[in-house]
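**Q** Based on what follows, work out the 3D shape:
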Amino acid sequence: MKTAQAEYIAEGRMIMKKRRSAGIITIIIFVLVLFIPSYIAIASYDKTENKPPEVEDATMLNVSDINGAKFNFTDEDADGKAIIDLFSQMISGSTRVDELPVNDGTPCYLVSFSIGETEKLYQFYFSKNADSYFVDKDAKVFRIPTEKASAFLNTPYAASLFNVSSAPTLVLNGTSLLPNSIRWKFRTTQGGELVEVDPKSLKTSVDTQTATSDGSLDLVFDMVPNHTVVVITDENGKEIYNGAFINDELSKLSGELKIKESTVLHVSLEAEWNETETLDYSGKAKYEFNVDFAAPAVFSLGEGTVTRGGIVLLTAKNVKDASKITFTSSPALTSGTKTITPTFYSDGKNSAALIMIDCNTENTEYEFTVSYGAVTQTLKLKVEGRTYRSGYTSSVSAAIAQSHRSAAALSAFDNMIKSQLSKTSNVPLWDGKFGYSIDEANPSYALGFGHTRTITSTGESYQNMVVDYYVAAGSDIIAVQNGKVIYVGVADYPGKFVIVDHGLGLFSVYLHLGDYTVKEGDTVEKGDVIGSAGTSGFIAATGANHSIMYVQNGEAFCGYELEEKGIPGSN
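**A** Here you go, the predicted structure:
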């Protein structure tokens, strides 16, 4: 049996257990009472956090589209208030989302609401399928109701979202021209009505624009108009063309113009794109611009026949920029084993090139194709033979030959000549026939151009690319033609020598001089003394000797025809 003490202890433990249970319940109730306001606050905070911003009281709205065009609206006029209300409804009806479903850098509209003294800024991301969003200043993202986004897409202010909403681009020879005035409509949805673009979003030109032409007037639209009227006046205001074109017939304009001289033209152009059920745009545009018009290029050869080893002049009339000329030859032009291309030089209005025909070519005819701008011409050149003989000898010592006519000496001389090409005149300096570099009343030839000579002491044979004369030591050496002295110096092969530029890459080179009477930069006329005969450099004959060398763009050629008739076509 339990004792009284044991019963007392058990009863005490039961009481304590009940008290502890009651205490725990009390604590739980107390804790709940403490936290209930927090739970209420958290729920309230979450609801507030996801609530769209309030802008219903805005009185002014500024919008900048993705192209930077700016639009300003106030609630003082009906149209402005309608746009403010639409943007307010896009915000008030929006739903908070976790993130913006577009890539970083995606173009957006910048929108600013003015509410009293407060300004609220947002970024709106519209898409053509009306799945659109905006971001507030705290980087919170909201999805815009589809019906409200669609309503905005059907306003003129959504134009920057649609390619066909941009004004047509007119291009003339690579220059884009803006309209001076334009009205333009575009379709935002399939089957929807055409919406007129707000003029503020269309780029126009206030001033008269200027384009250049290389002999053609190729006007190209990226959106082909249905009807185009073109009026052209010359620099004196006289109308020289007035024509209309349907659809893509504008491409015929260049062929209808008959302008043979370079001039400045003024062009007035009106284009119209007709509204149809299937076309997503329509409009009218007017353009006013000047054209610095270069008459079509005309290519011609100075003569139709040339002798092997000679040169011929190719002129390019109305070609200001020689670098834009393309030239091909069939067969290819050569100098020895090298393929060469003529260099064209421009005087700012016309261009020209001297073409050298290899003295060893076996070709009897060349066909040249030359292009500039819209012009391409084919020119034919016949080649007549010239006999070059062999069997000539020189008794010069091996030591002289090896020191003054080594491969290194010849290469150094060749490089020296080519290094002077940058100094050539862009215009011909010559006038008429070329003369002799010695007393032409009694020239005494040691060896002519193109003939083959053998050095008996070394057994080396070479083709003579100069004209060698026997002369008395100290006799005058004279300029063969008008020109400018561009080099005076000395080298192993030529000895003391002078280079005179005659323009277009044509040089005369005076070798084996005893002394100079000119300096670099001097202007000389045909017959002026440039130095005296001597024995410097490689002299194949005994005693004083003089050699004259003609060079075209660094390649030696035969100058006999220059002495006989000059350069046909140059005067």
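**Q** Every contact and neighbour count from this point should use C-alpha atoms.
**A** OK.
**Q** Which residue is the nearest non-sequential neighbour of residue 457?
**A** When the adjacent residues along the chain are set aside, residue 457 lies closest to residue 398, with 5.3 Å between them (CA to CA, 6 or more residues apart in numbering).
**Q** Give me the nearest residue to residue 100, chain neighbours excluded.
**A** Spatial nearest neighbour of residue 100, chain neighbours left out: residue 141 (6.2 Å); criterion: CA to CA, 6+ apart.
**Q** what's around the one you found, how many residues?
**A** Neighbours of residue 141 under the rule other CA atoms under 10 Å: 23.
**Q** Residue 97 is in contact with that one, correct?
**A** Yes: A contact is recorded between residue 141 and residue 97 when judged using CA atoms under 8 Å, the distance being 5.7 Å.
**Q** who touches residue 492 in this structure?
**A** 403-405, 409, 537-538 (CA atoms under 8 Å, 6 or more residues apart in numbering).
**Q** need the contact list for the residue lying closest to it once chain neighbours are set aside.
**A** Distances taken as CA to CA, 6+ apart put residue 404 closest to residue 492, at 4.9 Å, once the chain neighbours are dropped. Contacts of residue 404 were listed using CA under 8 Å, 6+ apart, and they are 492-493, 537-538.
**Q** so how far is residue 474 from residue 404?
**A** Here the distance between residue 404 and residue 474 works out to 21 Å (CA to CA, to the nearest Å).
**Q** How about residue 310?
**A** Between residue 310 and residue 474 the distance is 31 Å, computed by CA to CA.
**Q** quick one, which of the two is more surrounded?
**A** When residue 310 and residue 474 are compared for neighbours, residue 310 comes out ahead with 22 against 15, by other CA under 10 Å.
**Q** What ranges does the stretch 51-200 of the chain have for its helices?
**A** With DSSP state H, counting those that start in this stretch as the criterion, the stretch 51-200 of the chain has helices at 78-92, 146-153.
**Q** how far is the last one from where the chain is centred?
**A** Think helix 146-153. Taking the mean of its C-alpha atoms, helix 146-153 sits 43 Å from the chain's own mean (CA atoms, centre = their mean, to the nearest Å).
**Q** tilt between that helix and helix 78-92?
**A** 150 degrees (axes from the mean of the first three to the mean of the last three CA atoms, to 10 degrees).
**Q** about what we covered before: which of the helices of the stretch 51-200 of the chain sits closest to residue 502?
**A** Within the helices of the stretch 51-200 of the chain, the stretch nearest residue 502 is helix 146-153; the backing value is 69.8 Å (CA to CA).
**Q** Not counting that closest one itself, show me its contacts.
**A** Outside helix 146-153, the residues within contact range by CA under 8 Å, 6+ apart are 86, 89-90, 126, 128-132, 158, 188.
**Q** want to try a markdown table for those residues, with pLDDT and neighbour count as columns?
**A** As requested, the contacts of helix 146-153 are arranged in a markdown table below (pLDDT from 0 to 100; neighbours: other CA atoms under 10 Å):
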| residue | pLDDT | neighbour count |
| --- | --- | --- |
| 86 | 96 | 16 |
| 89 | 95 | 18 |
| 90 | 96 | 26 |
| 126 | 94 | 22 |
| 128 | 82 | 14 |
| 129 | 82 | 12 |
| 130 | 82 | 18 |
| 131 | 91 | 16 |
| 132 | 95 | 22 |
| 158 | 89 | 23 |
| 188 | 78 | 25 |
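**Q** Would you mind putting the residues you listed into TSV with distance to residue 418 alongside?
**A** What follows is those, written out as TSV (distance: CA to CA, whole Å):
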residue	distance to residue 418
86	75
89	77
90	74
126	64
128	63
129	66
130	68
131	68
132	67
158	63
188	65
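**Q** Spell out which two among the residues you listed are the most distant pair, please.
**A** Farthest apart among the contacts of helix 146-153 - using CA to CA - are 89 and 188, which lie 20.7 Å from each other.
**Q** re earlier: for the residue nearest to residue 457, grab phi and psi.
**A** Torsion angles at residue 398 (phi, psi; degrees, to the nearest 10) stand at phi -60, psi -40.
**Q** which residues of this structure fall in helices?
**A** Secondary structure of the chain by DSSP state H: the helices cover 4-49, 78-92, 146-153, 253-256, 398-404, 407-418, 560-565.
**Q** any idea which of those scores lowest on pLDDT?
**A** Per-stretch mean pLDDT for the helices of the chain is lowest at helix 4-49 (a mean of 44).
**Q** From the contact counts, what lies against the strand of greatest length in the chain?
**A** Counting by DSSP state E, the longest strand found in the chain is strand 281-293. Where contact means 3 or more CA pairs under 8 Å, 6 or more residues apart in numbering; DSSP states H and E, strand 281-293 is packed against strand 181-187, strand 209-213, strand 263-273.
**Q** Kindly state which of those strands is positioned closest to residue 558.
**A** strand 209-213 (39.5 Å).
**Q** Let me know the average pLDDT across the closest one.
**A** Strand 209-213 shows an average pLDDT of 91 in the prediction.
**Q** That strand pairs with which strands, parallel or anti?
**A** Taking DSSP bridges as the criterion, strand 209-213 pairs within the sheet with strand 281-293 (parallel).
**Q** who touches residue 274 in this structure?
**A** For residue 274, the contacting residues are 225-226, 282-283, by CA under 8 Å, 6+ apart.
**Q** which among those end up buried?
**A** A residue is treated as buried here by neighbour count (16 or more other CA atoms under 10 Å); on that basis the buried members of the contacts of residue 274 are 225-226, 282-283.
**Q** Could you dump these into TSV with pLDDT added?
**A** Converted to TSV, the buried ones among the contacts of residue 274 look like this (pLDDT from 0 to 100):
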residue	pLDDT
225	96
226	96
282	93
283	95
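**Q** Just give me the closest of these to residue 530.
**A** The shortest separation between residue 530 and any of the buried ones among the contacts of residue 274 is 67.6 Å, and it belongs to residue 225 (by CA to CA).
**Q** List the residues that contact that closest one.
**A** Counting by CA under 8 Å, 6+ apart, residue 225 has contacts 246-248, 271-274.
**Q** neighbour-wise, which of those residues leads?
**A** Ranked by neighbour count under the definition other CA under 10 Å, the contacts of residue 225 are headed by residue 271 with 25 neighbours.
**Q** Provide the partner residues of the nearest residue to that residue once chain neighbours are set aside in its beta bridges.
**A** In this structure, residue 271 finds its nearest non-sequential neighbour in residue 228, 4.4 Å apart by CA to CA, 6+ apart. For residue 228, the beta-bridge partners under DSSP bridges are residue 245, residue 271.
**Q** Can you give me the distance of residue 228 to residue 222?
**A** To residue 222, residue 228 is 14 Å away according to CA to CA.
**Q** who has more neighbours, those two?
**A** Counted by other CA under 10 Å, residue 228 and residue 222 do not tie: residue 228 has more neighbours, with 22 against 10.
**Q** quick one: contacts for that one?
**A** In this structure, residue 228 makes contact with 244-247, 250, 269-272, judged by CA under 8 Å, 6+ apart.
**Q** go on, residue 86?
**A** With contact taken as CA under 8 Å, 6+ apart, residue 86 is in contact with 148, 152.
**Q** what's the distance between it and residue 127?
**A** Using CA to CA, one obtains 16 Å as the distance from residue 86 to residue 127.
**Q** Same check on residue 59?
**A** On the measure of CA to CA, residue 59 and residue 127 end up 27 Å apart.
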